[in-house]
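Engineer: next comes the sequence, and after it the predicted model I'd like to discuss.
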Amino acid sequence: MALVHSFGKPDLFVTMTCNANWPEIKEQLASGEEAQNRPDLVARVFRAKLLALKKQIIEKQIFGEVAAYVYVVEFQKRGLPHVHFLIILKDGYRLKCPADFDKFVSAEIPPMTNPSLRKSVLKHMIHGPCGNLNPACSCMKHPNTLGCCKFNYPKPYTSDTIINGSGYPDYRRRNTGEVVVIWKHNMDNRWVIPYNPY
């Protein structure tokens, strides 16, 4: 609360979750060993990645000049750590309109010109399939939204990022005509979970 009083409301909420498949972890595991058996290794690799992320945010200013920040590291039920950052940017770097979000968040399948990012997004950042494609998906079983995806996928196409009535952005999801096959289903930008393209 003291930071908000001094610097204003946070501009960005950034989350990074440890991935048990990171090469730095997998390379150090003995044959048949799993990451959950090596919390020492997981914690060290995660800390190194956390310091690298802090350097990108604070020193390299990938989001702009930072006025203040705070973060907390938590451990999930399966034992993997993740971090939540609240970042307050200096006045000249604040996000003032929906188009500013597009600099930092994408909800579209990356182009073929960036194969590494494309591979990661297609592997980790596609929701579902759910709805008519897979009614048994866990997101379809929420008591308040029976028969519908509790995350409202597939999202509608939109040519520009807009702020909806609840104050949250509906990220740009253009109808590029690109379709990828994931789990034997045709998926497009309507199924992409928003991600940071950097």
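Structural biologist: Structure's in. What do you need? Since we're looking at a predicted model, the values are computed, not measured.
Engineer: which stretches of the protein form strands?
Structural biologist: Taking DSSP state E, the strands of the chain run over residues 12-17, 66-75, 81-89, 162-163, 169-170, 180-182, 185-187.
Engineer: out of these, which gets nearest to Pro156?
Structural biologist: strand 169-170 (7.8 Å; CB to CB). C-beta: built from backbone N, CA, C; applies to glycine.
Engineer: related to what we said a few turns ago, nearest to Lys119, out of the strands of the chain?
Structural biologist: Among the strands of the chain, strand 180-182 comes nearest to Lys119, with 11.2 Å by CB to CB.
Engineer: now for the closest one, which elements pack on it?
Structural biologist: Helices and strands touching strand 180-182, by 3 or more CB pairs under 8 Å, 6 or more residues apart in numbering; DSSP states H and E, are strand 185-187.
Engineer: now tabulate the strands of the chain in JSON lines and tack on mean neighbour count and mean pLDDT.
Structural biologist: What follows is those, written out as JSON lines (neighbours: other CB atoms under 10 Å; pLDDT from 0 to 100):
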{"stretch": "strand 12-17", "mean neighbour count": "14", "mean pLDDT": "90"}
{"stretch": "strand 66-75", "mean neighbour count": "15", "mean pLDDT": "94"}
{"stretch": "strand 81-89", "mean neighbour count": "18", "mean pLDDT": "94"}
{"stretch": "strand 162-163", "mean neighbour count": "12", "mean pLDDT": "86"}
{"stretch": "strand 169-170", "mean neighbour count": "18", "mean pLDDT": "86"}
{"stretch": "strand 180-182", "mean neighbour count": "13", "mean pLDDT": "90"}
{"stretch": "strand 185-187", "mean neighbour count": "16", "mean pLDDT": "91"}
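Engineer: want to throw those into JSON lines with distance to Lys55?
Structural biologist: Listed next are the strands of the chain as JSON lines, based on distance: least, CB to CB, whole Å:
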{"stretch": "strand 12-17", "distance to Lys55": "13"}
{"stretch": "strand 66-75", "distance to Lys55": "12"}
{"stretch": "strand 81-89", "distance to Lys55": "13"}
{"stretch": "strand 162-163", "distance to Lys55": "31"}
{"stretch": "strand 169-170", "distance to Lys55": "27"}
{"stretch": "strand 180-182", "distance to Lys55": "33"}
{"stretch": "strand 185-187", "distance to Lys55": "34"}
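Engineer: so which of those strands is nearest Leu3?
Structural biologist: Closest of the strands of the chain to Leu3 is strand 66-75, at 4.9 Å (criterion: CB to CB).
Engineer: each with direction, which strands does that closest one pair with?
Structural biologist: Sheet pairing here is set by DSSP bridges, and for strand 66-75 it gives strand 81-89 (antiparallel).
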